[in-house]
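1. got a sequence here, can you build the structure:
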Amino acid sequence: MKKILLLVLFSITLMGCNDPESAAAEAVQLRAEQHPDRTYVGENNYYTMESSGDIQFTTKKDLKVMYQDFPRYFIEKAKEWPKEDLNDTSSYDLPRFQFAWANSSSKDEYESGLKIWSMKTDGTDLRLVTDATIGFASIRNLARSPNNRYVAWAGSGGQKGVYDLKTGKVSNMHKFTSPLDMLWSEDSRYLYFDDARNSYARWDSETGEVSDSDLKVRTEAVLTEDKIIKVTDAAVVGYNLKTNERLFVLSSDRSLSDKERIFRVKSISPTGRFAWGSNQSFAWMFDTKELTVKQMTTDYTPAQILGKDAHFSALDSFAKVRIVDRVGDRVWSWRAFYYGALSGDAILYNGLANNGLWFKEDK
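-> Below is the predicted model of the structure:
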């Protein structure tokens, strides 16, 4: 009887060893013991928490360097990574950055291909938005609709596409090769873009149709039902779309030469209240409500991405994330990705969440 019992126990042990779930659990436990600093997401991907460090861009203003832990992501298999989900409200409690990133330099065509990703402004909640851009040599511009549902991109040669996060549908507009400006309507129905030099069109998200448009758009602009505020080469201009009347012009210093006046960096806050323009020698902050212009020559930091009320800004190259608190004179700098390659510039969307503040502790 004892021999039979031992055989049964031995058989159960062997069955446990052959059980895929049991083997997987043991593998997870072993991995946790070997790499206690890693948080795995799926079998092949993980992140570590690492401290931010010194800034790596020239600043003309004294800022307090902030040290805190941020995630650094190691993604071998993007298909296993969580996708951005409109129904997951926890993803939208902070503003978010969006960018094009090839997560691996391996020979795998999918993993080394450019895909669109997003994450919260505090570096958490990295999500894969869409892989519909696989095959694009570069992504040169991105635009997210105000309702967060649609992501538009423009690639090399001006090819444009739109991805619908709700349905998963991709609308390609490859025949429209052109400059790269894109702008969403306030209700997220229309994507306006330039389809040739001095020629504009719009894509209708409800019908999928593309039609000609008289609206001259810029990427650095905010469009409402009756007004557009846009940053031009050397000014910020507002127009009443109902009357076609120019509401205001806030210009850089007209006494300067063209080279000194032209913006090399341009941005606008989510509501259009503030706008930024700068070059190597001068910078201007524009207040479109008070109709004021603040010119700076030494005491400024770049604002390639501008948050609500100009409280926070960031540089748009995400090889290293660099965020400035322009009210508290603080700066954070950290490396979010261990490897891979980025293309084009990052953008801000969902910009009014948390009252436009980029860190929850500032709420």
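
2. most centrally placed residue in this protein?
-> Central residue of the chain (Cα atoms, centre = their mean): Gln98, 1.8 Å from the mean position.

3. against Leu357, how distant is the closest residue to it other than its chain neighbours?
-> Spatial nearest neighbour of Gln98, excluding adjacent residues (Cβ to Cβ, 6 or more residues apart in numbering): Ser118 at 4.6 Å. The C-beta positions use only the backbone N, C-alpha and C, and glycine is treated the same way. Going from Ser118 to Leu357 by Cβ to Cβ, to the nearest Å gives 18 Å.

4. okay, the two: which has more neighbours?
-> Set Ser118 next to Leu357 and count neighbours by other Cβ atoms under 10 Å: Ser118 wins out with 25 against 21.

5. tell me which helix or strand that one sits in.
-> Assigned by DSSP states H and E, Ser118 belongs to strand 115-120.

6. run the chain-centre distance for that strand.
-> 6 Å (Cα atoms, centre = their mean, to the nearest Å).

7. can you check stretch 314-330 too?
-> 13 Å.

8. kindly report the same for stretch 41-61.
-> In terms of Cα atoms, centre = their mean, the centre of stretch 41-61 is set 16 Å apart from its chain centre.

9. buried residues in that stretch, which are they?
-> Within stretch 41-61, the residues that count as buried by 16 or more other Cβ atoms under 10 Å are 41, 45-47, 52, 55.

10. which pLDDT does the model give the nearest residue in space to Lys77 that is not next to it in sequence?
-> Computed as Cβ to Cβ, 6+ apart, the closest residue to Lys77 that is not its neighbour in sequence is Asn44, at 4.3 Å. According to the predicted model, the pLDDT of Asn44 comes to 91.

11. shouldn't Glu33 be within a strand?
-> No. Going by DSSP: H, G, I helix; E, B strand; the rest coil, the assignment for Glu33 is helix, not a strand.

12. now do the residue nearest to Arg38 when sequence neighbours are not counted against Arg72, distance only.
-> In space, and not counting its chain neighbours, Arg38 is closest to Tyr46: 4.3 Å by Cβ to Cβ, 6+ apart. For Tyr46, the distance to Arg72 (Cβ to Cβ) stands at 10 Å.

13. who's in contact with Lys166?
-> By Cβ atoms under 8 Å, 6 or more residues apart in numbering, Lys166 lies in contact with 86, 149.

14. please disregard the earlier target; I meant Pro82.
-> For Pro82, the contacting residues are 41, 127-128, by Cβ under 8 Å, 6+ apart.

15. got CSV for those, with distance to Tyr163, pLDDT and secondary structure too?
-> Formatted as CSV, the contacts of Pro82 follow (distance: Cβ to Cβ, whole Å; pLDDT from 0 to 100; DSSP: H, G, I helix; E, B strand; the rest coil):
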residue, distance to Tyr163, pLDDT, secondary structure
Val41, 22, 93, strand
Arg127, 13, 98, strand
Leu128, 11, 98, strand
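
16. let me have these in TSV, adding distance to Asn87 as columns.
-> Output for these, formatted as TSV (distance: Cβ to Cβ, whole Å):
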residue	distance to Asn87
Val41	19
Arg127	13
Leu128	16
